[in-house]
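J.: the following comprises the amino acid sequence and a computationally predicted model.
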Amino acid sequence: MIKNRYLILRRFTQIILMFLYISANVWGWNILIGNLSSSKLFSTIPLSDPYAVLQMFTAGAVISSNVFIGALIITLFYSIVGGRAFCSWVCPVNIITDAANYIRRKLNFNQIQKKQPASRNMRYWVIAISLVISFFFGIAAFEFVSPVAMVHRGLIFGLGFGWAAMVVIFLFDLFVLKNGWCGHICPIGGFYSLIGRFSLIRVSHKEEKCTLCMKCKEVCPETQVLFMVGKSSQQVLSGECTNCGRCVEVCDDDALNFSIRNLIDKKNKEN
């Protein structure tokens, strides 16, 4: 079994998606046209970011049927696979924050900063504030300043301010707050955690196999979702789990694995 199999698959997925977006702009390929806010697959199937569409709707914009259908497709997809899979498998900013987190671990910054100085609920407040601003000012508020959009569009059409966004996020996560952007501030991740709250694909923990090495919590970007590690056998049901698979691949005890929601609980009841 390849040790970093999920990490490799995530990077492959992120790079391939970015390559397809760039190819549409440079060579006119029609496989994936647009950006993360609004795309078309094979010039036919619309794909829209539901959070961006919600901001547009709140701002008073008339939502076309194609945009609405695209938002519905994305919502249904992530409702099944786990909303925040977008953060770890699609979003290009994840590569930046993962790099910052890796360096933090190597330099033992995580040991120095034992307590996180900010609440993870901040991202939900940002969602609420962005919708309020969108309503009163008639603009898609977060889309207007989104570092995720800056980085993604910058990689496709030329970086510009995308470079600044990448540097700021990297330095913020490295020196100020562990997983600061994705884990505390980004409203996109917060929105997708709400979408994926009842998703089917879940990480499951088997307490009898756990040796409390805590490698899983060292690499997990949302450590609070692994509260059951070493305590009880259950699934990670929090929508804030990114389904990145890092906890699964670093667990030498095979105590963590992907499963289908409630499948483990049903087996335990039958036994």
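T.: That came through, no problem.

J.: residues of stretch 15-24 that come out buried?
T.: For stretch 15-24, the neighbour count (16 or more other C-beta atoms under 10 Å) marks 17-18, 20-21, 23-24 as buried. Just so you know, the C-beta spots here come from the backbone N, C-alpha and C atoms, and that holds for glycine as well.

J.: my bad, should have said stretch 59-75
T.: By neighbour count on 16+ other C-beta under 10 Å, the buried set for stretch 59-75 is 59, 67, 70-71, 73-75.

J.: in those, find the pair that's most separated.
T.: Spanning the widest gap among the buried residues of stretch 59-75 are A59 and I73, at 21.9 Å by C-beta to C-beta.

J.: now the helices: where do they sit in the stretch 151-271 of the chain?
T.: 162-171, 180, 187-195, 215-219, 246-250, 263-270 (DSSP state H, counting those that start in this stretch).

J.: which one of those helices lies closest to A140?
T.: helix 187-195 (11.8 Å).

J.: thinking again about what came up before, which of the buried residues of stretch 59-75 fall in strands?
T.: Per DSSP state E, strands hold no members of the buried residues of stretch 59-75.

J.: let me have these in JSON lines, adding pLDDT as columns.
T.: Listed next are the buried residues of stretch 59-75 as JSON lines, based on pLDDT from 0 to 100:
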{"residue": "A59", "pLDDT": "96"}
{"residue": "V67", "pLDDT": "95"}
{"residue": "G70", "pLDDT": "97"}
{"residue": "A71", "pLDDT": "97"}
{"residue": "I73", "pLDDT": "97"}
{"residue": "I74", "pLDDT": "96"}
{"residue": "T75", "pLDDT": "96"}
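
J.: just those now: which is nearest R105?
T.: Using C-beta to C-beta, I74 comes nearest to R105 of the buried residues of stretch 59-75, at 32.4 Å.

J.: where does the stretch 1-150 of the chain dip in pLDDT?
T.: 1, 110-117 (pLDDT under 70).

J.: where do the helices sit along it?
T.: Remark: helices assigned in the stretch 1-150 of the chain by DSSP H, counting those that start in this stretch are 5-26, 50-58, 65-81, 85-89, 93-106, 109-112, 122-137, 141-145, 147-157.

J.: packing partners for the third one?
T.: Applying 3 or more C-beta pairs under 8 Å, 6 or more residues apart in numbering; DSSP states H and E, one finds that helix 65-81 contacts strand 38-41, strand 45-48, helix 50-58, helix 187-195.

J.: relative to I201, which of those is closest?
T.: When those are compared by C-beta to C-beta, helix 187-195 sits nearest I201, at 13.2 Å.

J.: mind listing what the nearest residue to F198 once chain neighbours are set aside touches?
T.: In space, F198 comes closest to S79 once its chain neighbours are excluded; the distance is 7.1 Å by C-beta to C-beta, 6 or more residues apart in numbering. Counting by C-beta atoms under 8 Å, 6 or more residues apart in numbering, S79 touches 195-196, 198-199.

J.: not counting sequence-adjacent ones, nearest residue to G196?
T.: G196 sits nearest to G83 (C-beta to C-beta, 6+ apart), 2.5 Å away.
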